[in-house]
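[1] I would like the atomic coordinates for the input below:
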Amino acid sequence: MSEPEIIRDPAEMTAWSRAARGRGARIAFVPTMGALHEGHVTLLRQARRRGDKLALSIFVNPTQFGPHEDLARYPRDLPGDLHKAAAAGTDVAFVPEAADMYPPGHQTVVEVRELARGLDGVFRPGHFAGVATVVAKLFNIVAPDVALFGEKDFQQLAIVRRMVADLSMPIEIVGVPTVREPDGLAMSSRNAYLSPAERARALTLSRALFAARDRAAAGERDAAALLSPARAALDVDRLDYLELCDAATLAPMASLDRPAVMLVAAFVGRTRLIDNVQLGATDEIQRPPAP
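    Numbers count the residues shown, from 1 in each chain. Just a heads-up that it's a prediction; the model follows:
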């Protein structure tokens, strides 16, 4: 098992991709901020099956963090990340510095307006402009044929899909179901911040969502009747949102009459966590993957 080639310079990364494409290779790509866990590894394994070459990016993007967010303490473990990436069959890891991605004079921002208005767009102003901009830059640099994103960041995935469609980017976007711990907690790099007591409380996010999913499966269609018990079940220090939204537009729903997603964002201690479950328009409710 050899570790992936490390490329730090954007021009060198583009040259690698052009050379691979010139040999007829299909490039699969997984963008990350590092601190890889089994959720990321699942993305890499699935990407490996979708391309002849697999590229990973590791870049803690400063433009998607607010002034009081956790940029400085965001977990970083490049040696561990490379070891996990190697085990998943990654060919190259693009690991740029912020100055390489945002050179002096940088002033162009990509915004996906409507999808970014609600949910995290309310509580993290500017976050999705940072996400869309860095993903657009990564797509231009890596030039993948297919890129994979986790469904845990459901709003982010919707925004990336819209951006790719609107800007006519020739890239297939694949969403991969949320990977969970055996007890149901959605895997996240930020889980490392949680104390044992906080982690136990964090489980109320997934349990509240699963209970709502089960009520929907039993026939409940009223949004308030699905949301109210879920909200009461949460044991968090601050709830940013718990909403039932149209799975395509992310607009709030009053009734479960079409494919939907219930999304939550909350603080447990100092750690902000997000999660979601998708709900069908019929009794056939989508369930999270088995651990």
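
[2] now the helices for this protein?
    Along the chain, the segments classed as helices by DSSP state H run 10-22, 38-50, 78-87, 98-101, 120-123, 127-142, 154-166, 196-217, 223-233.

[3] Can you give me the buried ones in the third one?
    Within helix 78-87, the residues that count as buried by 16 or more other Cβ atoms under 10 Å are 81-82, 84-86. Heads up, the C-betas are built off the backbone N, CA and C, glycines and all.

[4] now the helices of the chain as TSV including mean pLDDT and distance to Leu239?
    Formatted as TSV, the helices of the chain follow (pLDDT from 0 to 100; distance: least, Cβ to Cβ, whole Å):
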stretch	mean pLDDT	distance to Leu239
helix 10-22	98	40
helix 38-50	97	23
helix 78-87	96	32
helix 98-101	96	32
helix 120-123	97	10
helix 127-142	98	18
helix 154-166	98	17
helix 196-217	98	10
helix 223-233	98	7
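
[5] re the thing from before, what two of the buried residues of helix 78-87 are the furthest from one another?
    Greatest spatial distance among the buried residues of helix 78-87 (Cβ to Cβ): Asp81 and Ala86, at 9.7 Å.

[6] got CSV for the buried residues of helix 78-87, with distance to Asp166 too?
    Supplementary listing: these in CSV, determined by distance: Cβ to Cβ, whole Å:
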residue, distance to Asp166
Asp81, 31
Leu82, 34
Lys84, 33
Ala85, 31
Ala86, 36
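
[7] just curious, which of these is nearest to Gly51?
    Nearest to Gly51 among those: Ala85, at 14.3 Å, using Cβ to Cβ.

[8] contacting residues for the closest one?
    Residues near Ala85 by Cβ atoms under 8 Å, 6 or more residues apart in numbering: 3-4, 36, 44, 56, 93.

[9] Of these, which is the nearest to Ser255?
    Lowest distance from Ser255 to these (Cβ to Cβ) belongs to Leu44, with 38.7 Å.

[10] Against Ala218, how distant is the spatially closest residue to that closest one that is not a sequence neighbour?
    Among residues not flanking Leu44 along the chain, Ala88 sits closest, at 3.6 Å (Cβ to Cβ, 6 or more residues apart in numbering). Ala88 sits at a distance of 39 Å from Ala218 (criterion: Cβ to Cβ, to the nearest Å).

[11] Those two: which has the busier surroundings?
    Under the neighbour definition other Cβ atoms under 10 Å, Ala88 and Ala218 were set side by side, and Ala88 has more, 21 against 9.

[12] Using the record's assignment, carve this protein into domains.
    For the chain, the structural domains run 5-176, 189-279, going by automatic domain parsing.

[13] Kind regards, and thank you for your time.
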